[in-house]
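> need a structure here:
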Amino acid sequence: MLNGITVLDLTQFLAGPFATQILGDLGANVIKIEWGEGDSTRHLPPYFIEENSLYFLSTNRNKRSICLNLKSEEGRAVFLRMVARADVVIENFRPGVMDRLGLGDDVLRSANPDIILCSISGFGSDGPLSRLPAYDMIVQAMSGGMSMTGEPGGKPVRSGIPTGDLDAGLYAVIGILAQLYQRTRMKSGEQLKHIDVAMLDCQIAKLSYQGAYAMFSGEEPGLQGRGHRSIPTYRAFTCGDGQDMVICANTEEMWRKLCEVLGAEELLQDPAFATNADRLENIDRLLPELEANFQKFSAPELVERLQQEGVPAAMINGVLDALNHPHTRHRNMVQELEYPGGTRFRVAGDPLKLSEQSANPLPPPRLGEHTAQVLREFGYSDEDIGRLEQEGVIRCG
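Alright, predicted model coming up:
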């Protein structure tokens, strides 16, 4: 889908690399630009394949790596030569770093007026917090999302999935794809805007109805636990075998089917539970009744019976259970990659199913693995490459 689009990737850690991996999965030519020890996640314990951590390997497929010293004058010249022929530059430095490197917007647009520029940071390019560093848990905490995650009466906990990072990566991709489309419709003299993605902004946006509820009522939602604020039969329950499952009986028909499968038809006759609004108002009476009925079944048995009746239900899987599920494997959501030397490893796959999808994705690159190859594509001779390496401007893997 993005064949012919070149992305210069200055990102590291998670939000930016997750974004550029999506672009690479979509067919873009993603060139990961590193220096020194490279992306810091290459060295993040506890698990490693060869010299790279599994953390790094999980978010850097379909990219090529070059080692280029952007703090050197010659390194900046090499980068600007690449910008002149590229489509996208994406970075996740703190605001101001690109300017200090001598690679601010004006410089990059002088090299290529049509370049798409995208920055990912904790708090955005402006505002009172813009210069502060941020990581996933910082924005989870500051956004209010963490205040809703956990059991009532307990303590707030972070989401096990790093939503602060991953959501910022997704929004960055949305912005880049929108500007690639806009670029095809621009009139002469028009200029694309800089895409400014703040991790905190993304988490605030995801407050969705919870944010609207809080602003309308003036009340904090509080820890949500195993349920839903608006639908009492949209929650987790523990069955008689000690296993946990969830149901999403959010229509009147599903409520009726739930009671029938549980053998609790008497709940259908109780006027206190006649409608969803009634059930919500009387949730303190309803939940003990439901919990007692769930105890009559094993979780796998009840999930199967509810699904047969059209009531959405599922086991609460562990990560390995989810990855080994037949449906996960059928959808190719576990992907096996292989280094040229034959070392194989598995990562989560690409959820976008496209007819043009590559059957053989590139494995995550070794540090500087493609420096010489990429520079040749941008017109550098072997003699140029040798000189640049000798001068410490580049490093070939």
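> Report how many residues lie close to the closest residue to Leu10 other than its chain neighbours.
Excluding its sequence neighbours, the residue lying closest to Leu10 (C-beta to C-beta, 6 or more residues apart in numbering) is Glu91, at 3.9 Å. Using the backbone N, CA and C atoms, a C-beta is placed for each residue, glycine as well. By other C-beta atoms under 10 Å, the residues close to Glu91 number 20.
> Next, Asn360: secondary structure please.
coil (DSSP: H, G, I helix; E, B strand; the rest coil).
> I should have written Leu8 there, sorry.
Under three-state DSSP, Leu8 falls in the strand class.
> That one and Phe123: what is the separation?
Distance, Leu8 to Phe123, using C-beta to C-beta, to the nearest Å: 24 Å.
> And the lengthiest helix in the chain, what's buried?
Longest among the helix segments of the chain by residue count, using DSSP state H, is helix 163-183. By neighbour count on 16 or more other C-beta atoms under 10 Å, the buried set for helix 163-183 is 163-173, 175-177, 179-180.
> relative to its centroid, which residue of this structure is most remote?
Gln269 (45.3 Å; C-alpha atoms, centre = their mean).
> what's the longest helix of the chain packed up against?
helix 15-25, strand 88-91, strand 116-121, helix 136-142, strand 195-198, helix 199-205 (3 or more C-beta pairs under 8 Å, 6 or more residues apart in numbering; DSSP states H and E).
> that older thread, tell me who's in contact with the residue nearest to Leu10.
10-11, 16, 97-98, 118-120 (C-beta atoms under 8 Å, 6 or more residues apart in numbering).
> Counting neighbours, which of these end up buried?
10-11, 16, 97-98, 118-120.
> for those, which one is nearest Pro128?
When those are compared for distance to Pro128 (C-beta to C-beta), Ser119 wins out at 17.9 Å.
> The closest one contacts His194, doesn't it?
Yes. Contact criterion C-beta atoms under 8 Å: Ser119 and His194 qualify, at 6.8 Å.
> Spatially nearest residue to the residue nearest the centre of the chain, not counting backbone neighbours?
Nearest residue to the geometric centre of the chain (C-alpha atoms, centre = their mean): Leu166, 2.4 Å. Closest residue to Leu166 apart from its sequence neighbours, by C-beta to C-beta, 6+ apart: Phe18 at 5.6 Å.
> Any figure for the gap between that neighbour and Ser381?
As defined by C-beta to C-beta, Phe18 lies at a distance of 35 Å from Ser381.
> For Lys71, grab the count of nearby residues.
10.
> That one: what's it in contact with?
35, 101.
> Start at 778, not 1
In the new count, where the first residue is 778, that last one comes out as Lys848.
> give me the element it is part of.
Applying DSSP states H and E as the criterion places Lys848 outside every helix and strand.
> Check Leu1114 too.
strand 1111-1115.
> what comes up buried for that strand?
For strand 1111-1115, using 16+ other C-beta under 10 Å, the buried residues are Leu1114.
> What is it packed up against?
Packed next to strand 1111-1115, using 3+ C-beta pairs under 8 Å, 6+ apart, are strand 1121-1125.
> Which other helices and strands does the helix or strand that the strand it packs on is followed by contact?
Later in the chain than strand 1121-1125, the nearest helix or strand by DSSP H and E is helix 1148-1154. Under the contact definition 3+ C-beta pairs under 8 Å, 6+ apart, helix 1148-1154 sits against strand 841-845, helix 1159-1167, strand 1171-1172.
> What is the second one packed up against?
By that I understand helix 1159-1167. Against helix 1159-1167 (3+ C-beta pairs under 8 Å, 6+ apart) you get helix 1148-1154, strand 1171-1172.
> Now render these as a markdown table, adding mean pLDDT and distance to Leu1063.
Below are the helices and strands packed on helix 1159-1167 laid out as a markdown table (pLDDT from 0 to 100; distance: least, C-beta to C-beta, whole Å):
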| stretch | mean pLDDT | distance to Leu1063 |
| --- | --- | --- |
| helix 1148-1154 | 98 | 62 |
| strand 1171-1172 | 96 | 65 |
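> Deepest in the core, which of those is it.
strand 1171-1172 (a mean of 22; mean count of other C-beta atoms under 10 Å).
> who does it pair up with?
strand 841-845 (antiparallel) (DSSP bridges).
> And for the strand it pairs with, what's in contact with it?
Contacts of strand 841-845 (C-beta under 8 Å, 6+ apart): 806-812, 815, 852, 855-856, 1139, 1142-1148, 1150-1152, 1170-1174.
> Mean confidence (pLDDT) on that strand, please.
Across strand 841-845, the average pLDDT comes to 98.
> cool, and stretch 891-908?
96.
> quick one on the thing from earlier: of all the helices and strands packed on helix 940-960, which lies closest to Ala1051?
helix 976-982 (36.1 Å).
> Give me the buried stretch members for the closest one, please.
Buried residues in helix 976-982, defined by neighbour count with 16+ other C-beta under 10 Å: 976-981.
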